[in-house]
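**Student:** all I have is the shape, not the residue letters:
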């Protein structure tokens, strides 16, 4: 149980295009979803937290107009990297949980490797 | 603020060797502690967790004990296998930190050789 599917797993696109990444909880209702960015050989940096039906809460230093997050249903959240540039190339990972409490662990997707040419 | 410090890698061991990866933390309140594992090109998988002092989390031969007095949660395994090669992340979450919002350490890469 507690499977999170992230799609696509790899995307290469030209500079200036927008890229959408999907995160789905397959067998549970994800009240809360998290989006992380991971640079090579580094830890995960939390970008934002989203609760279903409300606006995402962004971490300090993360541009909300650059990284658009939508959490319209209990099983789907999307991250759109708008007007992507080479510096946005990274590994993006989502996670989902049944709620914000300590008893609701995060379940992680397999990540999306984004390469901007 | 909350923080997690892990030993730097990579850690290279021979198969069947004993593994220890150190992790210490700083937190306000009483954190829950976690170890996650990341295999190449994949997301994170929860390996084990402990939610209060003196709890021992264990899974797949790995174990870690929540030590409040030393603010530590060291990961151990008695006999590693090549398939254990991965990056291991220590993490914590607290109610004051935002419920189950996780703070991660920098990760420790483990390489196990035959």
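**Tutor:** Yep, it's here. Remember, it's a predicted structure, so these values are computed and weren't measured experimentally.
**Student:** ok, and what's touching the worst-scoring helix or strand of chain B on mean pLDDT?
**Tutor:** The least trusted helix or strand in chain B, going by mean pLDDT, DSSP states H and E, turns out to be strand B:102-104, with a mean of 90. Residues outside strand B:102-104 that contact it (CB atoms under 8 Å, 6 or more residues apart in numbering or on different chains) are A:34, A:43-44, A:46, A:106, B:2-4, B:27, B:34, B:36, B:89-93, B:97. All C-beta atoms are positioned from the backbone trio N, CA, C, and that covers glycine.
**Student:** again, 10 Å this time
**Tutor:** For strand B:102-104, contacts defined as CB atoms under 10 Å, 6 or more residues apart in numbering or on different chains pick out A:34, A:36, A:38, A:42-46, A:95, A:105-106, B:1-4, B:6, B:25-27, B:31-32, B:34, B:36, B:44, B:89-94, B:97.
**Student:** which secondary structure elements does the helix or strand following it sit against?
**Tutor:** Of the helices and strands lying after strand B:102-104 in sequence (DSSP states H and E), the nearest is strand B:108-113. If you count contacts as 3 or more CB pairs under 10 Å, 6 or more residues apart in numbering or on different chains; DSSP states H and E, strand B:108-113 packs onto strand B:11-14, strand B:19-21, strand B:75-77, strand B:86-93.
**Student:** list the buried residues for strand B:108-113?
**Tutor:** B:108-110, B:112 (16 or more other CB atoms under 10 Å in any protein chain shown).
**Student:** return the member of those residues nearest to chain A.
**Tutor:** residue B:109 (7.6 Å; CB to the nearest CB).
**Student:** ok, now which ones touch the closest one?
**Tutor:** A:41, B:8-12, B:21, B:38, B:85-88.
**Student:** from residue B:59, how far out is the residue nearest to the spatial centre of chain A?
**Tutor:** In chain A, the residue lying closest to the centroid (CA atoms, centre = their mean) is residue A:35, at 3.4 Å. Taking CB to CB, to the nearest Å as the measure, residue A:35 falls 26 Å from residue B:59.
**Student:** swap in residue A:77?
**Tutor:** According to CB to CB, residue A:77 stands 28 Å off from residue B:59.
**Student:** ok, these two, which is more surrounded?
**Tutor:** residue A:77 (30 against 14; other CB atoms under 10 Å in any protein chain shown).
**Student:** quick check: that one touching residue A:54?
**Tutor:** No: with contact defined as CB atoms under 10 Å, residue A:77 and residue A:54 do not form a contacting pair (11.8 Å).
**Student:** am I right that the residue nearest to the centre of chain A is in a strand?
**Tutor:** Yes: per DSSP: H, G, I helix; E, B strand; the rest coil, residue A:35 lies within a strand segment.
**Student:** what sits closest to it if chain neighbours are left out?
**Tutor:** Nearest residue to residue A:35 in three dimensions, chain neighbours excluded: residue A:47, at 4.6 Å (CB to CB, 6 or more residues apart in numbering or on different chains).
**Student:** contacts only, for the one you found.
**Tutor:** A:34-37, A:56, A:58-59, A:61-64, A:67, A:69, A:79, A:92-94 are the contacts of residue A:47 under CB under 10 Å, 6+ apart.
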